[in-house]
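Asks: fold the following and give me the result.
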Amino acid sequence: MPDLLSAIPALMFFVAWLLVMYYISIKARISNARDHALLRWANECNTFIAHISNDYSSIDALEALSGSLNRRLDEDWEGMVHHMNQAAQNVQPYNLKVQMELEQAFMDIAYLTGEPSVVICDRGTVDAAVYLKDYEWTEIMETMWWSDEFISHNRYDLVLHLVTAAIGAEAFYTTENNEARTETLEEARALDHKFREVWADHPNRLIIDNEGNFEDKLEQMWEGLQVLLQSQDDE
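Replies: Numbering: from 1, shown residues only. Here you go, the predicted model:
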């Protein structure tokens, strides 16, 4: 058993390396799609510049060309944004697969310790639905042949929803201590409600509000975990 435990750090490093390589390949796909759209846009601009140099000399002609250029740029920009959004949507199932593989890797590592363990995930798979349109999430579920039971209900024993400070503790809501947090109070509240909606069907969810201080929220989390572990022991 000691030899097996000594191999766990190497196993964690190997799993992390594989996931990083996979993530880089996904980012490259999006980057290539974006670069292709930008290159096409730049070629169009060069064409218009050539027209200015070779064919136009009057102010009226330049004004007409300027209007045409603006219309063309608007069309190309909309097309580029659509293309990039489509590429991001196509990649989303693979992002979810990476997340699930990472979760499973830590579950396996916890099992290898031979000790009672609790694996806590900072995010769950269903969180992705908050940032997608309903039809996009449905399409992903159907394309990957995933069910709610597979991706949510049977995957997580307990969902702990810590309500944002933007609801009930506004004085403590700030973006200064977290670079990843950019939402205004209104945006944070809207996101919190969306997270509640996408996890609403989970059979074991605990919503922790802001009635007390942050230590009180942590205590409620711990109590929720204790109730879960006790119920599993009874089974």
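
Asks: mind listing the strands for this protein?
Replies: With strands called from DSSP state E, the chain shows them at 159-162, 205-208.

Asks: dump those strands into CSV; add distance to Met141 as well.
Replies: Just so you know, the C-beta spots here come from the backbone N, C-alpha and C atoms, and that holds for glycine as well. Listed next are those as CSV, based on distance: least, CB to CB, whole Å:
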stretch, distance to Met141
strand 159-162, 18
strand 205-208, 20
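
Asks: go through those and pick out the most buried.
Replies: strand 159-162 (a mean of 18; mean count of other CB atoms under 10 Å).

Asks: now distance to Glu183 and mean pLDDT too, for the strands of the chain, in CSV please.
Replies: CSV is the format used below for the strands of the chain (distance: least, CB to CB, whole Å; pLDDT from 0 to 100):
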stretch, distance to Glu183, mean pLDDT
strand 159-162, 15, 95
strand 205-208, 19, 94
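
Asks: quick one: which of these is nearest Glu186?
Replies: Nearest to Glu186 among the strands of the chain is strand 159-162 (19.0 Å), distances taken as CB to CB.

Asks: given the closest one, what are its sheet partners and their directions?
Replies: Using DSSP bridges, the strands paired with strand 159-162 are strand 205-208 (parallel).

Asks: shaky segments in this protein?
Replies: 1-89, 235 (pLDDT under 70).

Asks: and the contacts of stretch 140-151?
Replies: 92-93, 96, 125-126, 132, 201 (CB atoms under 8 Å, 6 or more residues apart in numbering).

Asks: same thing but at 6 Å, please
Replies: By CB atoms under 6 Å, 6 or more residues apart in numbering, the residues outside stretch 140-151 that reach it are 93, 125.

Asks: thinking Ala165 is in contact with Tyr173, fair?
Replies: Yes. Between Ala165 and Tyr173 there is a contact under CB atoms under 6 Å: 4.2 Å.

Asks: would you map out the domains in this structure?
Replies: Following automatic domain parsing, one finds the domains of the chain at 1-117, 120-235.

Asks: would you map the helices across this protein?
Replies: 2-6, 8-55, 59-112, 134-143, 148, 185-198, 214-234 (DSSP state H).

Asks: against which helices or strands is the last one packed?
Replies: Using 3 or more CB pairs under 6 Å, 6 or more residues apart in numbering; DSSP states H and E, the elements in contact with helix 214-234 are strand 205-208.
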